[in-house]
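Asks: next input, structure requested:
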Amino acid sequence: MFKKLLRISIILALVVVVLGAYTRLSDAGLGCPDWPTCYGHLTVPDAPEGSKVNGFERPLEAVKGWKEMVHRYSASLLGLMIFVLFFLVFSGKTKHQQPSALPAFIAFFVLLQGAFGMWTVTLLVHPGIVTIHLIGGFSTTALLVWLLLNQRRPPIIHKHILKKHRQLIVATLLVLTAQIILGGWTSTNYAALSCGENFPTCLGAWWPQMDLAGALYWGPIGTNYEYGVLPEAARVGVQMLHRIGALVATLTVVTLIYMFRHYQHMRSNLMIIAALLCLQVALGVANVLFSIPMAVALAHNAVALLLFISVLVLLHKATPKTNLNFAIPVSPQ
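Replies: Predicted coordinates for the structure are as follows:
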C-alpha cells in the first residue's frame, strides 16, 4: 500500500507541476485574488463575468479562476497524500521498518510549498516568489522519487563508480537546478519572446543590446507583477541568460553521458537522459520559433522535471547503499 500510494503521489506531483505551469502560462495566477478561497468561496463564484465579487477590486474572470482553483485542489490532494505517507511510516504500518526522517521532511516541505503558493497570490505574482514556488514543486517531486528509490533492493554494482564521477552527477544536478531557476525567472518576467522568433540569434544579433544587471532585478514587495514590469532591455537579458544556461546545461549533461559510457549497468539510464536532453532542446527551440504554443511550453516544463529526475535516479544508482541518506533496511526473503 505504501509503495502504491507513493507512486500515485509522484504521478500527482508531476500533474501539479504541469498544472502550475499551465496556470502561470495562461496568466491565471491571480485568477483568484485571495487564498485559499476564491473571492471568499471554496469554488469559483457563480457571478456575472467581469463583476466585482465580495468587495474584491479584481473583476471576476471565471475561466482563469477555475484554472487556479483546479491547481489548488490538486496541490491540496498531493499534500494530503504526503501526510498519509508520513503517517504510515510514523505508525509503523509499512512492510519494512524504515526511518521517518525523509517522509517527515517531505511533509514539512509541502507545508512550506503551500505557504509559497499563498504568497504567490498575496504578493501579486512576484517573479522571485513564483520562481521559488516552481522550484518547490520540482523539489517535492524529486524527494518523493528519492523515497521511492529507497524502497528498492540495492542493485548489484557490476563496476565500482569512481568518486569523481559521482561528483559529476551532483554537479550536473546543480547545473540543471540553476537552469530550471532561469527558466522560471524567464517565464515569470514574461521574457520568453524577448528575442522575437529568432534562434540561435536574438533580435537578429548574436549579442543584442540588453541589460544583464536589470535582468536580475528582484523588485519590491507589493507591486503587481502580472504581465511583467521589466523594461525590454532587461527582458532580453533574462532571455539571453536562459539561453546561455541552456548551452551550459547541455554541455554538462553531454559530458556526464560521455564520462559514464563505460559503465554497462548505467547504459539504460544514460539512454533515457540523452533522449530527454534532445527532446528538451527541441522543445526550447520550438517555443521560440512558434511563439510559445501552450502544449510545447507545458511539455518543456514537464521534460525539464523528467530530465532532472533521470539524473537523480542515476545518482541513486551510483551511490553505495551504505552512503544513502534515509536508506531503507530491507529484510531478506
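Asks: switch to C-alpha atoms for all contacts and neighbour counts from now on
Replies: Will do.
Asks: can you list the buried residues in stretch 292-312?
Replies: 292, 296-312 (16 or more other CA atoms under 10 Å).
Asks: average pLDDT for it?
Replies: Averaging pLDDT along stretch 292-312 gives 97.
Asks: and what of stretch 108-117?
Replies: The average pLDDT for stretch 108-117 rounds to 96.
Asks: ok, stretch 261-280 next?
Replies: Averaged across stretch 261-280, pLDDT comes to 95.
Asks: go on, stretch 20-32?
Replies: In this model, stretch 20-32 has a mean pLDDT of 96.
Asks: how about the CA coordinates for it, as PDB?
Replies: Extracted as PDB, the C-alpha positions of stretch 20-32 are listed here (Å, rounded to 0.1, in the frame of the first residue of the first chain):
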ATOM      1  CA  GLY A  20       1.200  25.100 -12.100                       C
ATOM      2  CA  ALA A  21       2.900  25.800 -15.400                       C
ATOM      3  CA  TYR A  22      -0.400  26.000 -17.200                       C
ATOM      4  CA  THR A  23      -1.800  28.400 -14.600                       C
ATOM      5  CA  ARG A  24       1.300  30.600 -15.000                       C
ATOM      6  CA  LEU A  25       1.500  30.500 -18.800                       C
ATOM      7  CA  SER A  26      -2.200  31.300 -19.200                       C
ATOM      8  CA  ASP A  27      -1.900  34.300 -16.900                       C
ATOM      9  CA  ALA A  28      -4.300  32.800 -14.400                       C
ATOM     10  CA  GLY A  29      -2.000  33.200 -11.300                       C
ATOM     11  CA  LEU A  30      -4.300  35.900 -10.000                       C
ATOM     12  CA  GLY A  31      -7.500  34.300 -11.300                       C
ATOM     13  CA  CYS A  32      -8.500  34.200  -7.600                       C
END
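Asks: over to the residue nearest the centre of the chain. Which of the three states is it?
Replies: Centrality entry for the chain: nearest residue to the mean C-alpha point is residue 138, 3.2 Å, by CA atoms, centre = their mean. Secondary structure, DSSP: H, G, I helix; E, B strand; the rest coil: residue 138 is helix.
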